[in-house]
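S.K.: Predicted model and sequence below, questions to follow.
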Amino acid sequence: MGSVRLRGVSKWFPRREGEPLHVLQNVDLDAPDRSIVAIVGASGSGKSTILNIVAGLVRPDAGEVYLNGVPAEAFKDWRSMTYMFQDDRLLPWRTAAQNVSFGLEAGGVGRAERRERVAETLELVGLTGFADAYPHELSGGMRSRVALARSLVTRPSILLMDEPFSKLDPSIRAQMHEEVLRIKELMGMTLLFVTHDVEEAVVLAHKVVVLNPRPGRVRETRTIDLPYPRDPLSAEVAEQARLLRGSL
Ligand SMILES: Nc1ncnc2c1ncn2[C@@H]1O[C@H](COP(=O)(O)OP(=O)(O)OP(=O)(O)O)[C@@H](O)[C@H]1O
């Protein structure tokens, strides 16, 4: 199971000069078990900061964070959460398989089990046959699949994604959306992601949280009540995207 709950979260970042920067104000957010929640908002509205707070990389100055129902301070199961960034952050001197294996090595998983799980996960993301390729030998879409595999190999119950597909061509991005939905169904994790792209939010998410900037606060939480898979070119998706844009 995986769930994320924020209650009244506020954050200030100190500045070299002047008042601290008020980045988040009283943010409430719920990503229930097995849900997909998108965070959208203008640049600087604190989207990444929310993910960083959920990941335990940044401490909130006020409010509560609950992970799988447990207050973040008491949460022990950090290995059940993974974070996928905008750039794929693959290690260039490691093959695809070795990149995917990284989290398992850090977790002390034995060699035979590592090999099995890496192969399984590469298959899951459609990269069988590319285990021994180095990142520079792979296309952008394939690198993105390796990064996804690296995030999935530990079988997380919570997956955080910060604009993970924003650098891909639209057609490759659409393929990645399909992959993510398929894999999410298979593995049953909870997905919390940040995007600039309202269509991406509508195609993927059960719920979209819209942030207002300076300081970032929740303007609207919109439920996207459309069946999956969602056609990005459909009138329904366009209408939801239009409503979200209006809110932004
Ligand atoms: N560690 C930090 N120290 C100081 N300021 C920070 C830190 N992290 C973020 N900020 C500032 O906080 C504000 C919100 O940043 P954040 O990256 O969360 O916004 P965002 O909505 O994700 O933006 P973008 O869409 O441009 O990625 C920005 O003004 C940023 O410069």
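M.R.: Done, it's in.
S.K.: The longest helix seen in the chain: how far from the chain's middle?
M.R.: Counting by DSSP state H, the longest helix found in the chain is helix 170-187. Here helix 170-187 shows a centroid-to-chain-centroid distance of 13 Å under the convention Cα atoms, centre = their mean, to the nearest Å.
S.K.: Stretch 122-131 now?
M.R.: Here stretch 122-131 is found 21 Å from its chain centre; the criterion is Cα atoms, centre = their mean.
S.K.: mean confidence for that stretch?
M.R.: Taken as a whole, stretch 122-131 has a mean pLDDT of 92.
S.K.: residues from the protein in reach of the ligand?
M.R.: Neighbours of the ligand within the chain, by Cβ under 6 Å from any ligand atom: 13, 21, 23, 41, 43-49. For the C-beta atoms, the positions are set from N, CA and C on the backbone; glycine is no exception.
S.K.: And those, which of them are buried?
M.R.: Neighbour-count burial (16 or more other Cβ atoms under 10 Å) applied to these gives 23, 41, 45-49.
S.K.: Give me the contact list for the longest helix of the chain.
M.R.: Here helix 170-187 makes contact (Cβ atoms under 8 Å, 6 or more residues apart in numbering) with 34, 36, 124-126, 140-141, 144-145, 148, 152, 155, 164-166, 168, 191, 200, 203-204, 228-229, 232.
S.K.: Selection in ChimeraX covering whichever of the residues you listed are buried, please.
M.R.: Remark: buried members of those, expressed as a ChimeraX selection using 16+ other Cβ under 10 Å:
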select :34,36,124,125,126,141,144,145,148,152,164,165,168,191,200,203,204,232
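S.K.: which ones among the contacts of helix 170-187 are found in helices?
M.R.: Per DSSP H, helices hold the following members of those: 124, 140-141, 144-145, 148, 152, 200, 203-204.
S.K.: quick one on the thing from earlier: can you tell me which of the residues of the chain next to the ligand is closest to residue 237?
M.R.: Ranked by distance to residue 237 (Cβ to Cβ), the residues of the chain next to the ligand are led by residue 41 at 19.6 Å.
S.K.: Now do the closest one, the pLDDT please.
M.R.: 95.
S.K.: Show me what it is bridged to.
M.R.: residue 211 (DSSP bridges).
S.K.: my guess is it contacts residue 214, does it?
M.R.: No - when contacts are counted by Cβ atoms under 8 Å, residue 41 is not listed as touching residue 214 (10.5 Å).
S.K.: ok so, going back, now render the buried ones among the residues of the chain next to the ligand as a markdown table, adding distance to residue 69 and secondary structure.
M.R.: Putting these into a markdown table (distance: Cβ to Cβ, whole Å; DSSP: H, G, I helix; E, B strand; the rest coil) gives the following:
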| residue | distance to residue 69 | secondary structure |
| --- | --- | --- |
| 23 | 26 | strand |
| 41 | 26 | strand |
| 45 | 27 | coil |
| 46 | 24 | coil |
| 47 | 24 | helix |
| 48 | 24 | helix |
| 49 | 23 | helix |
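S.K.: out of those, who's nearest residue 248?
M.R.: Closest approach to residue 248 among these (Cβ to Cβ): residue 41, at 7.0 Å.
S.K.: for the residue most central in space within the chain, which residues make a bridge with it?
M.R.: Among the residues of the chain, residue 161 comes closest to the average C-alpha position under Cα atoms, centre = their mean, at 1.7 Å. Beta-bridge partners for residue 161, by DSSP bridges, are residue 84, residue 193.
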